[in-house]
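Colleague: here are the coordinates; sequence isn't available:
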DNA sequence: TTAACTTTGTTGCATTTGCAACAGTTTTTC
DNA sequence: GAAAAACTGTTGCAAATGCAACAAAGTTAA
C-alpha cells in the first residue's frame, strides 16, 4: 500500500480547499449514510468505526465492509442500479468528512492552491480502496469456513509476525456476517480449530499456533 | 458508472504523452503478467479478453477477475505481501497497454499537454474498477450456489431488460471457478433451476423466466 | 438494579455442497 | 484426420454447512 500517503492530512487539505468538504459527527448505531440516492459522495472516517451493511431479500445480513479510521466509503463506489438496501452504521461515536467527487475532479475556478494536489491524492485514496477490496475478494473466494477464518486471522496478525495474538475487532455474530457464513457453523469450526490445536481462544482474543 | 469516460481514448492519451506507455500483443493462453514483482504497473486491455487467475495451496483454481476490452488490471491493485500465485492469462489474442503509476502521478517535467488530464482520468479508471469489485463482492457474499448463479445471470442480463436471453462468456468449468464453487454441484443446481422452470438453457445460452 | 436485549456456545437434523469417478461430446493440436 | 486434451453432464457418497432452537452469560437502558 501507499503508506507514504497520509489520509488524515488529505482530509485537512480538503477542508482548507474550495472543495466544500463537510465534517459531521454521529453517535453509536446512527446511520451515517444510505446508498440509494446515486450521489457522487465520498466519505472518510476521521474517527470511530462503522460497518457497511447489506440486507438481502431473505433478510440475511452481510457486513460488506468494516470501516476504521482513515477508511473511505461512499455511494460513488457502487453501481447506480442495485437491488439491495445498503447503509453505513456507526459502531461507536464517529467523525466523518464527506465531499463530492465533482468538486474535486472539476477544475477549480478559484485560485485554490491545494486543488492541484487533490486529484493525485484522490487516486491514492481510491487505489488503497481497491487493494482492500481485493483482500476482501480473496477472503470470500475461500471455499470453506475454516479457510475463511484462517485467512481472516492472518490478515489481522500483521504486527510484524512476532506476537501471534490479537483481538478480533468484531463480535462473533458480526464476524459470521462478514465471512458470509452461518454463525453456528462458524462457532463449530472455531471449536474444531481449537481442538486440533491450530488456535487458542479467549473471548475475542486469538492466538495462532502455526 | 462513468459512461462519459472513454477508456480507449484514455489509452491514446497515454501513448501521446510522456508517460512511456507501452502496447504489447499476446496470443491465446499466453501469460500477460504475473503478480509477484511489486511493480506499480497498471494495464488496460485494448482488445481481446483475459482472466486473472489464482491457485491456492490446495491447487484450487479461482478466476479472480474476468477481463474484457477496456478493463483494467495490474499489480498495483493488490497488496504487496501475498501468499498466492496470481497471474493474468489471455483467453484469445490480446492487446495490452501498460504504464507505471509513478509516471503519471509524478508531475511532468516536460511540457506535456496531456499530462494534466491524466490524473483525473486515472481517478475515473480506478473508480470504475472499484465499482466492478463491489459487484463481484456482492456475488461472492451470496450464500448458496443458486443465489450466486442468479446474481451472475442478472448481471449479464443488462440489455435494457427486454430480451431475457444472453450467452455466458465463460465455459461452465470456468464459471464454477469464478463463482468459487464445485463444478458438479453447480451443474446440479443449473439442472434444478431448469427443472423448476426458472431458466432455459441451450449450451451457453440462457433465458431467464423471471 | 431490574428487565430487556444481545451475544455466545451448543446440539440434532435436514439440506447443500464437494469429491471422485466416468462416459460422451467438443475442441485443439500435431 | 487421428490422437490428445478439455469440457459437459451425471451419479453415489461423504463431508460441510445451514437452520432452528435453547440455555447461559454478558451488556444496555429505563
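Modeller: Arrived safely, thanks for sending. No experiment lies behind these values; they were computed from the predicted model shown.

Colleague: which stretches of chain A aren't confidently modelled?
Modeller: A:1-4, A:18-19, A:38, A:107-116, A:159-163, A:210 (pLDDT under 70).

Colleague: so what are the domain limits for it?
Modeller: Following automatic domain parsing, one finds the domains of chain A at A:7-141, A:145-208.

Colleague: Pull up the distance across the shortest one, start to finish.
Modeller: Meaning domain A:145-208. 17 Å (Cα to Cα, to the nearest Å).

Colleague: Contacts only, for the residue of chain A found nearest chain B.
Modeller: As assessed by Cβ to the nearest Cβ, chain B sits closest to residue A:140 within chain A, at 3.8 Å. Quick note: C-beta positions are derived from backbone N, CA and C, even for glycine. By Cβ atoms under 8 Å, 6 or more residues apart in numbering or on different chains, residue A:140 lies in contact with A:148, A:179-180, B:137, B:140-141, B:180.

Colleague: same check, this time on residue A:185
Modeller: residue A:145.

Colleague: and it, backbone torsions?
Modeller: Note on residue A:185: its backbone torsions stand at phi -70, psi -40 [degrees, to the nearest 10].

Colleague: Would you agree residue A:22 is in contact with residue A:99?
Modeller: Yes - using Cβ atoms under 8 Å, residue A:22 is in contact with residue A:99, at 7.2 Å.

Colleague: Have a look at these two and say which one is more surrounded.
Modeller: Taking other Cβ atoms under 10 Å in any protein chain shown, residue A:22 and residue A:99 do not tie; residue A:99 has more neighbours (23 against 13).

Colleague: Quick one: check whichever helix or strand the more buried one is part of for contact with chain B.
Modeller: Here residue A:99, judged by DSSP states H and E, is contained in strand A:94-100. No - Strand A:94-100 lies out of reach of chain B by Cβ under 8 Å from any Cβ of the partner chain, never closer than 13.2 Å.

Colleague: again with stretch A:121-130
Modeller: Yes - judged by Cβ under 8 Å from any Cβ, stretch A:121-130 and chain B are in contact via A:122-124, A:126-127, A:129-130.

Colleague: Which residues outside that stretch are in contact with it?
Modeller: The contact list for stretch A:121-130, computed with Cβ under 8 Å, 6+ apart, reads A:1-2, A:5, A:7, A:10, A:13, A:42, A:44, A:72, A:77, A:104-105, B:76-77, B:101, B:105, B:119, B:122-123, B:126-127, B:129-130, B:133.

Colleague: let's see 7 Å
Modeller: For stretch A:121-130, contacts defined as Cβ atoms under 7 Å, 6 or more residues apart in numbering or on different chains pick out A:1-2, A:5, A:7, A:10, A:13, A:72, A:77, A:104, B:76-77, B:105, B:119, B:122-123, B:126-127, B:129-130, B:133.

Colleague: which of these count as buried?
Modeller: Buried members of the contacts of stretch A:121-130, scored by 16 or more other Cβ atoms under 10 Å in any protein chain shown, are A:2, A:5, A:7, A:10, A:13, A:72, A:77, A:104, B:76-77, B:105, B:119, B:122-123, B:126-127, B:129-130, B:133.

Colleague: Just give the number of residues close to residue A:102.
Modeller: Neighbours of residue A:102 (other Cβ under 10 Å): 10.

Colleague: Not counting sequence-adjacent ones, nearest residue to it?
Modeller: residue A:40 (5.8 Å; Cβ to Cβ, 6 or more residues apart in numbering or on different chains).

Colleague: Please give me every residue in contact with the one you found.
Modeller: Residues near residue A:40 by Cβ under 7 Å, 6+ apart: A:76, A:100-102.

Colleague: one more time with 10 Å, if that's ok
Modeller: Under the criterion of Cβ atoms under 10 Å, 6 or more residues apart in numbering or on different chains, the contact list for residue A:40 reads A:74-76, A:99-103, A:105, B:2, B:127.

Colleague: about what we covered before: in strands only, show me the buried ones among the contacts of stretch A:121-130.
Modeller: Taking DSSP state E as the definition of strands, the buried ones among the contacts of stretch A:121-130 contribute residue A:72.

Colleague: re earlier: what are the pairing partners of the strand holding residue A:99, and which direction each?
Modeller: The strands beside strand A:94-100 in its sheet (DSSP bridges) come out as strand A:22-26 (antiparallel), strand A:41-47 (antiparallel).

Colleague: quick revisit: any chance you could list residues touching both of residue A:22 and residue A:99?
Modeller: In terms of Cβ under 10 Å, 6+ apart, residue A:22 and residue A:99 are both contacted by the residues A:14-15, A:43.

Colleague: for chain A, what spans make up the helices?
Modeller: Counting by DSSP state H, one finds helices in chain A at the ranges A:7-16, A:101-105, A:115-141, A:145-156, A:172-179, A:183-195.

Colleague: that older thread, most neighbours per residue, which of the strands paired with strand A:94-100?
Modeller: Comparing those by mean neighbour count (mean count of other Cβ atoms under 10 Å in any protein chain shown), strand A:41-47 ranks first with a mean of 21.

Colleague: Taking helix B:115-141 as reference, get the angle to that one.
Modeller: Interaxial angle of strand A:41-47 relative to helix B:115-141 (axes from the mean of the first three to the mean of the last three Cα atoms, to 10 degrees): 80 degrees.

Colleague: relative orientation of strand A:41-47 and helix A:7-16 in degrees?
Modeller: Going by the same axes, to 10 degrees, strand A:41-47 makes 120 degrees with helix A:7-16.

Colleague: if I read this right, residue A:60 contacts residue A:183, doesn't it?
Modeller: No - the criterion here is Cβ atoms under 10 Å, and residue A:60 misses it with residue A:183 at 11.4 Å.

Colleague: Overlap in contacts, the two.
Modeller: By Cβ under 10 Å, 6+ apart, residue A:60 and residue A:183 have these common neighbours: residue A:177.
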